[in-house]
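[1] got a structure for you, letters missing:
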């Protein structure tokens, strides 16, 4: 029984990893008060940039770096619009998602028929020998370990460092933070770029490692699911991680159900992650106090130092 | 060294409000020139292929109107919600549901073809779109769930539902196993307006929807309440306007319009249900609504521009061998530039010279 579980759990962790990256990045941006609805677009740009770089160099590392760069570059456009030019964050985020879909589809056309070989998983010596847990947790892609490191880093940064405290203060009350002398706009720029970079890695993980190929719109809503995850997690990194794997599990469950020959239309199974997203959003939003107490107070609101 | 900074205007500039879309369109064209040059194409030839060639024939103009129709319909519906800060971004899914319900009527009423069946189909399309939009409205008003995320998630579900129907129960038995329904009865399609083109009577339906949207927003008390809710939430609450009703109306207006647009696609140029019935009209309409300043005339003009981008993309694919996905690139860019140019509505640019920090060197 446990032997049958191992591949399911391994696949669940892999399926959840793009969400871990994208949602943790968005979490940091939102903690600073920036609501970037463009995650889907940034992931797609990261996915095609990562794919193209890996196809050109043969190196998955180069692909990930390209994903970081592409995600951060698209986030920069959003940051200039909303932070410097005071554009509405919701509208600019939608624009970024639409733009990212278009840009990645355009840039990705020449890459549609190319297949990459996914890099080998890296088994950590000794630890990977532990029954069940070993192969599940310690024989993964290097990027999966990196996503755990990112989780640790984000948790530590936000709640254990002075800079993290400042970032959270900027998200709660930019006016007070500015009065004390912190550069609100600059901090928000950095947080937004970080969010974009992580969305880019998430996308590159998808196209280079998870399903080593490029297809138009291949993120299939994962960017939006990452946004929902941040709300579901009530802006806490630990719950983001748990939520991401929950969604990884839902995604994987449909493949195993289809493989097992379940007499359910495949479209119904494929719609499960989207329905699950709606369900968890409803569950967490049902009590308005939970959102009000946990959401950064200035989330989504423009801030201009003069006003 | 000069520094440029933003200074809040005492009153928002009306002129910039209407100039900003033109600035955005101009910037999109300029960047288009750069993009085409960078891709090694003659930018003037590319410009001609993209913006002039598609509308230089009668058929081209007919296609322009055909593609502008769903865009103006959906944008009009979405604008009702956007004015009140109701962010329905799932119009693409609502369009699909309209096509499914309206198309379902066509499939089941085969043989009973007459004018009133088409009317029922339009109604069913609107009901389908509204029903799909009612889900996020209900989840928002009852459970406080973000309509942005739920309406978008439902778009994926709608596409899968359509895929299920055309692969399964509604597949044409004589269709060589292609995932598509039977062709609708000719009498159940919108009549063609111009022989030799695909332009059909649904363009009048689109104009009617735009007119109805204008009457609702500008001439009705409900529309007035919703505008107040968008401009000053607290004032609307103080006046006793229901916030929940605002959400419901905003969502249903967008859903109904998108549903009719979906029906008009399947009972128009497509003529049957297929797995993919819209090249992203539901998303492009968001851009149309913004570029059109949420205003009926603006929306009609913006929908023509966006339609031209679709045609230009197809032309660019044929003539310049560029992927037609370039359309999405230009559409996104247009919205970026619009949002950027909009800063000049509420702010003006000031150049500061060193030593004279308070100098009033206005550059706006």
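    Sure, I can see it. Treat the numbers as computed from the prediction; the structure is a model and nothing was measured.

[2] who in the stretch 151-300 of chain A is up against chain B?
    A:216, A:220-221, A:224-225, A:227-228, A:231, A:265, A:267-268, A:270-271, A:274-275, A:277-278, A:281-282, A:285-286, A:288, A:291 (CB under 8 Å from any CB of the partner chain). Glycine gets a C-beta too; all of them are placed from N, C-alpha and C.

[3] among those, which are located in helices?
    Residues of those located in helices (DSSP state H): A:224-225, A:227-228, A:231, A:267-268, A:270, A:274-275, A:277-278, A:281-282, A:285, A:288, A:291.

[4] show the buried residues in the residues you listed.
    For these, a burial check counting by 16 or more other CB atoms under 10 Å in any protein chain shown picks out A:224-225, A:227-228, A:231, A:267-268, A:270, A:274, A:277-278, A:281-282, A:285, A:291.

[5] which two of those have the greatest separation?
    Spanning the widest gap among those are A:267 and A:291, at 32.0 Å by CB to CB.

[6] contact partners of stretch B:131-142?
    With contact meaning CB atoms under 8 Å, 6 or more residues apart in numbering or on different chains, stretch B:131-142 is reached by A:278, A:281-282, B:88, B:90, B:93-94, B:96-97, B:101, B:145-147, B:150-151, B:154, B:158, B:244, B:247-248, B:250-252, B:254-256, B:258-259.

[7] inside helices: which ones of the residues you listed?
    Those of the contacts of stretch B:131-142 mapping onto helices are A:278, A:281-282, B:93-94, B:96-97, B:101, B:147, B:150-151, B:154, B:158, B:244, B:247-248, B:250-252, B:254-256, B:258-259, per DSSP H.

[8] what are the boundaries of the strands in the chain?
    If you meant another chain, say so; for now it's chain A. For chain A, the strands defined by DSSP state E cover A:122-123, A:139-140.

[9] oops, wrong one, chain B.
    Under DSSP E, chain B gives strands at B:3-8, B:347-353, B:356-362.

[10] ok, for residue A:130, nearest residue in space, not its chain neighbours?
    Residue nearest to residue A:130 in three dimensions, not counting chain neighbours: residue A:138, with 7.2 Å by CB to CB, 6 or more residues apart in numbering or on different chains.

[11] which residues touch that neighbour?
    Neighbouring residues of residue A:138 by CB under 8 Å, 6+ apart: A:123-124, A:127-128, A:130.

[12] of the strands of chain A, which is nearest chain B?
    Nearest to chain B, of all the strands of chain A, is strand A:139-140, at 27.8 Å by CB to the nearest CB.

[13] tell me the pLDDT at the closest residue to residue A:114 other than its chain neighbours?
    Excluding its sequence neighbours, the residue lying closest to residue A:114 (CB to CB, 6+ apart) is residue A:55, at 5.6 Å. Note for residue A:55: predicted pLDDT of 94.

[14] likewise for residue B:9?
    pLDDT, residue B:9: 85.

[15] now swap in the one 4 residues further on and tell me
    According to the model's per-residue confidence, residue B:13 sits at a pLDDT of 83.

[16] got a list of what the residue in the stretch 101-250 of chain A that chain B sits nearest to touches?
    Closest residue of the stretch 101-250 of chain A to chain B, CB to the nearest CB: residue A:102 (2.4 Å). Counting by CB under 8 Å, 6+ apart, residue A:102 makes contact with B:325-332.

[17] rebuild those as JSON lines, extending it with pLDDT.
    Below are the contacts of residue A:102 laid out as JSON lines (pLDDT from 0 to 100):
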{"residue": "B:325", "pLDDT": "85"}
{"residue": "B:326", "pLDDT": "87"}
{"residue": "B:327", "pLDDT": "87"}
{"residue": "B:328", "pLDDT": "87"}
{"residue": "B:329", "pLDDT": "88"}
{"residue": "B:330", "pLDDT": "90"}
{"residue": "B:331", "pLDDT": "90"}
{"residue": "B:332", "pLDDT": "90"}
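
[18] residue A:35: which of the residues you listed is nearest?
    Comparing those against residue A:35 with CB to CB places residue B:332 closest, at 18.6 Å.

[19] what about the closest one, distance to chain A?
    Relative to chain A, residue B:332 is positioned 3 Å away (CB to the nearest CB, to the nearest Å).

[20] so where's chain A uncertain?
    A:1-2, A:306-307 (pLDDT under 70).

[21] now residue 53. Nearest residue, chain neighbours left out?
    Picked chain A for this. Closest to residue A:53 by CB to CB, 6+ apart is residue A:66, at 3.5 Å.

[22] meant chain B, my bad for not saying
    Nearest to residue B:53 is residue B:315, by CB to CB, 6+ apart, at 5.5 Å.

[23] most neighbours among the contacts of residue A:138, which one is it?
    residue A:128 (17 neighbours; other CB atoms under 10 Å in any protein chain shown).

[24] for the biggest helix by length in chain A, packing partners?
    Assignment by DSSP H gives helix A:2-31 as the longest helix of chain A. When contacts are defined as 3 or more CB pairs under 8 Å, 6 or more residues apart in numbering or on different chains; DSSP states H and E, helix A:2-31 packs onto helix A:39-57, helix A:133-137, strand A:139-140, helix A:142-160, helix A:162-172, helix A:184-204, helix A:222-232, helix A:237-259.

[25] so how far is it from its chain's centroid?
    Remark: helix A:2-31 is offset 9 Å from the chain centroid, using CA atoms, centre = their mean, to the nearest Å.

[26] what does stretch B:122-138 give?
    The chain centroid and the centroid of stretch B:122-138 are separated by 17 Å under CA atoms, centre = their mean.

[27] over to stretch A:136-144?
    Put simply, stretch A:136-144 sits 18 Å off its chain's centre (CA atoms, centre = their mean).

[28] give me the neighbour count for the residue nearest to residue B:227 when sequence neighbours are not counted.
    Ranked by CB to CB, 6+ apart and with sequence neighbours excluded, the top spatial neighbour of residue B:227 is residue B:83, at 5.5 Å. Neighbour count of residue B:83, defined by other CB under 10 Å: 22.

[29] for residue B:83, give its distance to residue A:32.
    29 Å (CB to CB, to the nearest Å).

[30] got it, and residue B:296?
    For residue B:296, the distance to residue A:32 (CB to CB) stands at 39 Å.

[31] comparing those two, which residue is more hemmed in?
    For residue B:296 versus residue A:32, neighbours defined as other CB under 10 Å are more numerous around residue A:32 (27 against 23).

[32] give me the phi and psi angles of the more buried one.
    phi -90, psi 0 (degrees, to the nearest 10).

[33] right, and it touches residue A:193 too?
    No. Using CB atoms under 8 Å, residue A:32 is not in contact with residue A:193, being 10.9 Å away.
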